[in-house]
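Pasting the sequence and the predicted coordinates here, then a few questions.
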There are 2 protein chains.
Amino acid sequence: MRRRSMLAGVATAVGGMIAAGSGSAGASGARLGLGDYRLVNLAHVNDPDRTNVYPGDPEFTLTTITTVPTDGFYLQYAQQGEHTGTHWGAPAHFNEDQPHADELEAEDLFLPAVRIDVREQAARDADYEVGVEDLKRWERRHGRIPDEAAVVLWTGWEERWGTPAFFNYDADGRMHQPGFSLAAVQWLVDTGRLGRRGALGTDTFSPESALDEEYRVSKLLYREHRISLEILANLAELPPTGAHVLVGGTINRRGSGSPASVYAFVPKR
Amino acid sequence: MRRRSMLAGVATAVGGMIAAGSGSAGASGARLGLGDYRLVNLAHVNDPDRTNVYPGDPEFTLTTITTVPTDGFYLQYAQQGEHTGTHWGAPAHFNEDQPHADELEAEDLFLPAVRIDVREQAARDADYEVGVEDLKRWERRHGRIPDEAAVVLWTGWEERWGTPAFFNYDADGRMHQPGFSLAAVQWLVDTGRLGRRGALGTDTFSPESALDEEYRVSKLLYREHRISLEILANLAELPPTGAHVLVGGTINRRGSGSPASVYAFVPKR
């Protein structure tokens, strides 16, 4: 039964999210048609030569299996972990009792999005943890984060993709990356900005800083129908407010997530 | 340079397609907001136990690599050909001189969609080839197929998914599946219904019937920025006109396509 839920529950209304996104995040409130949006891909090209594989994750390879001259058609064999390259994460990734990919609904993967620019702080301190005060300061400028939003950190790490600086190991072999503080995520959950659904997004490996060695942020995020969006790209094209993100990728049986294109619908104005 | 094109050319206008879709396909012509659409997933769950792998394609496996009790987090290793399960195809799949996945633009993957119901013909004749007259008859009822559309055949084959009847081998080991006739696809191309971009979609393995052993339909389709949508599901939820499809999946380096979620934006009315 579990495996059928993505199809059975597939026809879902998107109107509520849209209203929340344009109403409460400081946008104009005017109703926008599909034609008023640009489509932006927030994913890196899925390329083994440029992919920093998380320590312990399986090897990522693309192998040419057939070619047009030899076989009549061209095909690659893709072998990769579900959290390799730009990808999304399902609740079961960190919590055994929470849903797998195929237990979610389509609308869990389509969310109003805000982008929090912390590039300056992250450049100063690679262990920077975004706190409640950072989020409140952002809201004073941009308006309230919508309920059940995708809250995306723009740390600048996307510029390091494909280089050792993405891991950012120190002399002791310890990784350093910025992320959300546990307190900030707890505040997002307590106030409904992350609700039954919602997402934490980032251009790093994961929503927590590398200081959070017990992945407490991920364990809190991945409950109910909340997801992660990891190793995002092209965040200069995502505005602070007003966009919606739609997660591509496959819905794997008992999936923990999947490599994905992540699309943003960005208002043209 | 090629590998960067999905990011460099990522910010693309979707307005033109929308206008074509609602104006010329017989819809009301009223401007619809995002909130006026339901989101529908047209992909099967990506499940090795239920996946009919095309003869000669590599094995599809999902392997549990880590678990929460043992490792702290849960992850699967996915190994599959780029055209396994519900997927999309890039022009280079059949034509060496045409674009790979990472040479396309985001808007090539977002198209106005029409659904042609040929379940009755396919049930009578498993080799049924949809002809120009079938398409003209459909247009007399539903209006003109939009320019640069995704033309989706609903053959009923999705009900056979996960069973030998999807291959539909005869006693001589020959496959039988319905599809587009070469003449029909040539007409779609000649008249702009398939333009520089556009798609042929189907709930079978491929847009041609199994009689087309030289894949002439695919060779004609996969030129310029035109793509395939293959092994679609849930086509009862896709209306004959008025929807748009957005292709998920990863953009692989030199990709021939990829396993994907395929989303339809379906007007609620």
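Looks like it arrived, so ask away. Everything quoted here is computed from the prediction, not taken from an experiment.

got a list of what the residue of the stretch 151-269 of chain A found nearest chain B touches?
Taking CB to the nearest CB as the measure, the stretch 151-269 of chain A has residue A:248 as its residue closest to chain B, at 2.4 Å. No exception for glycine: its C-beta is placed from N, CA and C like everyone else's. Counting by CB atoms under 8 Å, 6 or more residues apart in numbering or on different chains, residue A:248 touches A:43, A:260-263, B:246-250, B:260-261, B:263.

Now, those residues that are in strands?
Counted as lying in strands by DSSP state E, out of the contacts of residue A:248, are A:262-263, B:246-247, B:263.

a markdown table for those residues, including neighbour count?
Shown next, in a markdown table, are those (neighbours: other CB atoms under 10 Å in any protein chain shown):
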| residue | neighbour count |
| --- | --- |
| A:262 | 30 |
| A:263 | 26 |
| B:246 | 24 |
| B:247 | 29 |
| B:263 | 26 |
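
closest to residue B:225 among those residues?
residue B:247 (12.3 Å; CB to CB).

Surely the closest one and residue B:107 touch.
No - with contact defined as CB atoms under 8 Å, residue B:247 does not count as touching residue B:107 (11.0 Å).

where along the stretch 151-269 of chain A do the helices fall?
A:164-167, A:182-190, A:216-221 (DSSP state H, counting those that start in this stretch).

export the longest one as PDB, just CAs?
Spelled out, that is helix A:182-190. The C-alpha trace of helix A:182-190 is given here as PDB (Å, rounded to 0.1, in the frame of the first residue of the first chain):
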ATOM      1  CA  LEU A 182      19.100  23.900  16.100                       C
ATOM      2  CA  ALA A 183      17.400  26.800  17.800                       C
ATOM      3  CA  ALA A 184      16.500  28.500  14.500                       C
ATOM      4  CA  VAL A 185      14.900  25.300  13.100                       C
ATOM      5  CA  GLN A 186      13.000  24.700  16.400                       C
ATOM      6  CA  TRP A 187      11.700  28.300  16.000                       C
ATOM      7  CA  LEU A 188      10.700  27.600  12.400                       C
ATOM      8  CA  VAL A 189       8.800  24.500  13.500                       C
ATOM      9  CA  ASP A 190       7.200  26.100  16.600                       C
END
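
what helices or strands is that helix leaning on?
The contact analysis (3 or more CB pairs under 8 Å, 6 or more residues apart in numbering or on different chains; DSSP states H and E) places helix A:182-190 against helix A:132-142, helix A:216-221.

Go through those and pick out the most buried.
helix A:216-221 (a mean of 22; mean count of other CB atoms under 10 Å in any protein chain shown).

got the contact list for that helix?
A:89, A:93-95, A:179-182, A:185-186, A:189, A:194, A:200, A:206-208, A:228, B:73.

ok, for the residue most central in space within chain A, nearest residue in space, not its chain neighbours?
Closest to where the C-alpha atoms of chain A average out (CA atoms, centre = their mean) is residue A:229, at 1.2 Å. Once flanking residues are discounted, residue A:229 sits nearest to residue A:201: 3.6 Å by CB to CB, 6 or more residues apart in numbering or on different chains.

Enumerate the beta-bridge partners assigned to that neighbour.
residue A:152, residue A:229 (DSSP bridges).

Could you tell me what pLDDT the model assigned to residue A:93?
Per-residue pLDDT puts residue A:93 at 98.

okay but it is in contact with residue B:74, surely?
Yes - Residue A:93 lies in contact with residue B:74 (CB under 8 Å); the separation is 5.7 Å.

Find residues that contact each of these two.
Both residue A:93 and residue B:74 are in contact with residue A:256, where contact means CB under 8 Å, 6+ apart.

Where does pLDDT dip in the stretch 1-150 of chain A?
A:1-31 (pLDDT under 70).

can you give me the strands in it?
A:12-13, A:37-41, A:61-66, A:75-81, A:87-89, A:110-117, A:129-130, A:150-154 (DSSP state E, counting those that start in this stretch).

Go through those strands and name the closest to residue B:114.
Per CB to CB, nearest to residue B:114 of the strands of the stretch 1-150 of chain A: strand A:37-41, 20.1 Å.

Output the closest one as PDB, restricted to C-alpha atoms.
The C-alpha trace of strand A:37-41 is given here as PDB (Å, rounded to 0.1, in the frame of the first residue of the first chain):
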ATOM      1  CA  TYR A  37       6.900  33.200 -13.900                       C
ATOM      2  CA  ARG A  38      10.300  32.300 -15.200                       C
ATOM      3  CA  LEU A  39      11.500  28.700 -14.800                       C
ATOM      4  CA  VAL A  40      14.900  28.400 -13.100                       C
ATOM      5  CA  ASN A  41      16.800  25.100 -12.500                       C
END
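
Return the distance of the residue nearest to residue A:93 when sequence neighbours are not counted relative to residue B:99.
Using CB to CB, 6+ apart and skipping the chain neighbours, the partner closest in space to residue A:93 is residue A:256 (4.2 Å). Remark: distance between residue A:256 and residue B:99 (CB to CB, to the nearest Å) = 32 Å.
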